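K.L.:
build me a structure from this.
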Amino acid sequence: MEVLNAAQQKIVSHQQGPALVIAGAGSGKTRVITHRVAELVRSGADPSSIMLLTFTNKAAKEMADRVAKAIDQKNIENSLIHGTFHSLGNRFLRRHAPLLHYEHNFSILDSSDSRDLIKAALAEALGKPGKNFPKAALLQNIFSLAFNQNCDEITIHQNSYSQRLFELERLIESQYPHFHHLIDEIVKVHHTYRQKKRRNNAMDFDDLLENWLDLLLKKRESLPWVQQIKFILVDEYQDTNKVQASILEHLAQTHQNLMVVGDDAQSIYSWRGANFKNILDFPMKYKAMTYRLEQNYRSTPDILALANSSINLNKEQFRKELYSILPKLEKPAIHYLYDPEAEAEVVVEQILKLLDQDIKLNQMSVLYRNHVQAAALQLVLTQRGIPFIVRSGVQFFEQAHMKDILSFLKIVFNPLDEIAWMRVLKLIPGIGNRTAQKIFNVFLEQRAVRLTLDNTELQKCIPKNAQTEWGHILHCFKSILIEGITPAEMISTVYDMVYKDFLLVSYENFRQRGIDISFLAEFAAKYKSLERLLNELSLVGPTVIKDYEAEEVQEDDCLTLSTIHQAKGLEWDAVFVIGLTEGQFPHQRCLEPEEKLEEERRLFYVAMTRARRHLTLTAPIINSSFGSSDLSSRSRFIEECPQDLVLRIMSSGGDYEQYSSYKSRLIL
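P.N.:
Numbers count the residues shown, from 1 in each chain. Purely as a prediction, here's the structure:
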């Protein structure tokens with residue numbers, strides 16, 4: 001039987017009415033939620049009257065299993081209402097779909113299905129919109145973001161499509177201004193997509209939330225399942241959006257037994273629609289009892305002291321002071337470095353020292369704001385033979401936009417590289433697998449690659465609607481085949497002449513991908529030989545482990561590399577937080593307004609509180625991921641660290657003479 005501390009026991013014993021549980025990092029919130037459910041059942045509540053909402057189905061199942069063990073009822077998960085907002089929305093709508101003029105057997109569009117239907121809507125609405133129109137995958141992101149960030153109860157209740165379109169237009173103006181001239185066409189595609197979903201008796205993931213709330217607004221009193229629910233518990237409440245908060249409000253309208261658990265200091269997902277105000281406003285809105293969990297069971301007192309000192313600088317928050325009864329070990333260390341290469345060397349040296357202390361690789365993690373910050377480290381790890389995995393993603397140099405750019409260089413090095421040619425050719429609208437293969441077969445038959453307009457056999461293979469883009473590709477190759485051009489110049493040329501426009505219409509995070517390519521060009525500047533560059537990069541590939549979630553990967557003795565967003569909820573004995581340079585972390589686009597900067601500081605807090613025993617922060621003064629090796633200041637988050645809470649280390653790495661000349665900028 002798990003032992004509860006005094007603060008946890010108060011929450012478990014909460015009687016009636018709304019409650020907010022501010023659960024600090026590592027404070028045992030899962031234990032509290034499961035014991036709260038178990039206590040309700042012991043007190044006579046029917047399990048089928050209890051709803052437990054989480055953000056992953058895996059978490060919901062684990063909690064239900066722990067409840068079953070706590071009260072020794074193996075089949076309780078069959079009656080307990082538990083799952084994610086989307087899974088429970090689906091169950092609710094299956095019962096009542098006809099009330100919204102859907103059939104019970106409506107289809108649910110997964111991400112791929114949704115993208116395919118948007119493609120069909122695009123063709124129906126606009127025919128062939130042209131190469132500069134956003135691709136279906138990007139439209140999908142835009143439509144979903146407009147819903148998750150802005151859609152609210154009033155819009156749904158009034159069935160206000162005009163308001164929805166206004167929010168869509170506002171999103172495009174603020175985040176995708178290069179599509180301003182296409183707003184009318186994008187709105188038309190959006191309207192057609194919604195019509196097609198209706199005609200097809202289908203809902204996408206956002207529809208599951210919208211339609212669930214729509215039913216609650218119109219028919220709540222006549223829905224038996226709603227009347228059945230008497231107690232609602234919600235995990236990770238700080239990650240809810242406006243629609244999810246409204247769903248909870250209407251489900252709990254009669255009994256008010258709504259307990260939400262979360263940590264405002266770990267609210268880091270506003271970019272995907274999470275509304276920080278939901279948790280901040282909860283006590284006032286519901287006149288709720290507020291509980292705090294501040295005893296941390298994960299980290300040492302030194303790590304918590306630094307994390308507390310950082311997050312307490314935020315103005316908008318529920319103030320808390322995490323503490324630990326674990327023994328002190330060592331102060332977190334800050335390494336001041338010259339550039340990412342020196343940073344990588346220092347991190348690897350520290351990893352080797354930790355290995356000597358019998359800390360396994362799979363108990364270490366390197367965290368960063370963006371994947372580009374780990375590029376240099378990935379190469380050093382590969383060179384030193386240290387196995388690693390990139391959590392929930394692929395390695396930096398294995399990303400699609402990296403491979404696209406490098407395919408041009410591979411063709412320059414080996415004109416008959418089929419894989420590279422297939423990748424380049426399929427960047428052209430109107431050319432798919434079959435046409436690309438025909439073009440490459442011409443190269444094979446001619447035993448050479450003749451990229452000229454008078455190559456009649458080749459020109460026969462190019463579709464009419466691809467001729468213009470094919471001409472751009474030819475011109476680009478002509479420019480990078482000039483004798484004496486360096487690999488870095490090739491990359492910049494390909495990006496400027498061909499790839500930049502492709503990024504704009506293909507990816508939601510086109511800015512970051514452009515920054516990645518700038519880093520690639522900067523990295524390539526160290527190589528005069530194209531062969532050496534390609535050989536170096538090809539060595540990185542074999543260490544990729546793509547399916548991090550597989551059980552066997554969990555057992556492997558590999559170092560974890562991860563963005564901080566992906567690492568939330570996880571923990572390791574030793575954590576390295578790298579790239580603490582102003583403009584990188586906090587990110588340049590988040591320095592203002594104040595609410596964005598405070599979310600960046602919350603992200604820093606999340607990173608630090610992943611560490612159990614050892615925390616290392618690294619701060620290069622050269623910012624090399626924005627396309628130029630500029631001298632930068634170290635992150636303000638480093639500047640904010642109190643002198644007595646950290647061990648500050650000046651490391652000599654990179655170009656030492658340049659480093660020494662900048663020493664005066666590093667005030668210790």
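K.L.:
buried residues in stretch 48-67?
P.N.:
For stretch 48-67, the buried set under the neighbour-count rule, 16 or more other Cβ atoms under 10 Å, comprises 49-55, 59-60, 63-64, 66-67. The C-beta positions use only the backbone N, C-alpha and C, and glycine is treated the same way.
K.L.:
now do the end-to-end distance for it.
P.N.:
From its first residue to its last, stretch 48-67 covers 14 Å (Cα to Cα, to the nearest Å).
K.L.:
filter the buried residues of stretch 48-67 down to just the ones in strands.
P.N.:
By the criterion of DSSP state E, membership of the buried residues of stretch 48-67 in strands covers 50-54.
K.L.:
turn those residues into a markdown table, including pLDDT and distance to Met402.
P.N.:
Converted to a markdown table, these look like this (pLDDT from 0 to 100; distance: Cβ to Cβ, whole Å):
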| residue | pLDDT | distance to Met402 |
| --- | --- | --- |
| Ile50 | 91 | 48 |
| Met51 | 92 | 44 |
| Leu52 | 91 | 42 |
| Leu53 | 91 | 38 |
| Thr54 | 89 | 35 |
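K.L.:
closest to Leu248 among the buried residues of stretch 48-67?
P.N.:
Using Cβ to Cβ, Leu53 comes nearest to Leu248 of the buried residues of stretch 48-67, at 7.7 Å.
K.L.:
look up how far Asp207 lies from the spatially closest residue to the closest one that is not a sequence neighbour.
P.N.:
Nearest residue to Leu53 in three dimensions, chain neighbours excluded: Val234, at 4.6 Å (Cβ to Cβ, 6 or more residues apart in numbering). From Val234 across to Asp207, the span is 21 Å (Cβ to Cβ, to the nearest Å).
K.L.:
next one: Met259
P.N.:
In terms of Cβ to Cβ, Met259 sits 28 Å off from Asp207.
K.L.:
need the contact partners of stretch 262-273.
P.N.:
Applying Cβ atoms under 8 Å, 6 or more residues apart in numbering, the set of residues contacting stretch 262-273 from outside is 21-25, 145, 147-149, 234-239, 241, 274, 276, 279-280, 311, 314, 316-318, 320, 564-565, 568, 599, 602-603, 605-606.
K.L.:
among these, which are in helices?
P.N.:
Taking DSSP state H as the definition of helices, the contacts of stretch 262-273 contribute 145, 147-149, 279-280, 311, 564-565, 599, 602-603, 605-606.
K.L.:
top of those by number of neighbours, please.
P.N.:
Using other Cβ atoms under 10 Å as the neighbour test, these are led by Ile311, with 27 neighbours.
K.L.:
thought Arg601 was touching that residue, still the case?
P.N.:
Yes: the criterion here is Cβ atoms under 8 Å, and Ile311 meets it with Arg601 at 6.6 Å.
K.L.:
can you give me the helices in the stretch 451-600 of the chain?
P.N.:
Remark: helices assigned in the stretch 451-600 of the chain by DSSP state H, counting those that start in this stretch are 456-461, 467-480, 487-494, 500-506, 510-524, 530-538, 551-555, 564-567, 594-608.
K.L.:
so how far is the first one off the chain centroid?
P.N.:
Right, helix 456-461. Relative to its chain's centre, helix 456-461 lies at 44 Å (Cα atoms, centre = their mean, to the nearest Å).
K.L.:
quick check: buried residues in that helix?
P.N.:
In helix 456-461, counting by 16+ other Cβ under 10 Å, buried: 458, 461.
K.L.:
tell me what it is packed against?
P.N.:
Under the contact definition 3 or more Cβ pairs under 8 Å, 6 or more residues apart in numbering; DSSP states H and E, helix 456-461 sits against helix 433-446.
K.L.:
now the angle from the helix it packs on to helix 467-480?
P.N.:
Counting by axes from the mean of the first three to the mean of the last three Cα atoms, to 10 degrees, helix 433-446 lies at 50 degrees to helix 467-480.
K.L.:
helix 433-446 - what's its average pLDDT?
P.N.:
Mean per-residue pLDDT for helix 433-446: 82.
K.L.:
can you give me the neighbour number for Leu416?
P.N.:
Neighbourhood size, Leu416 [other Cβ under 10 Å]: 13.
K.L.:
one more: the one 4 residues further on?
P.N.:
The burial count assigned to Ala420 is 21, neighbours taken as other Cβ under 10 Å.
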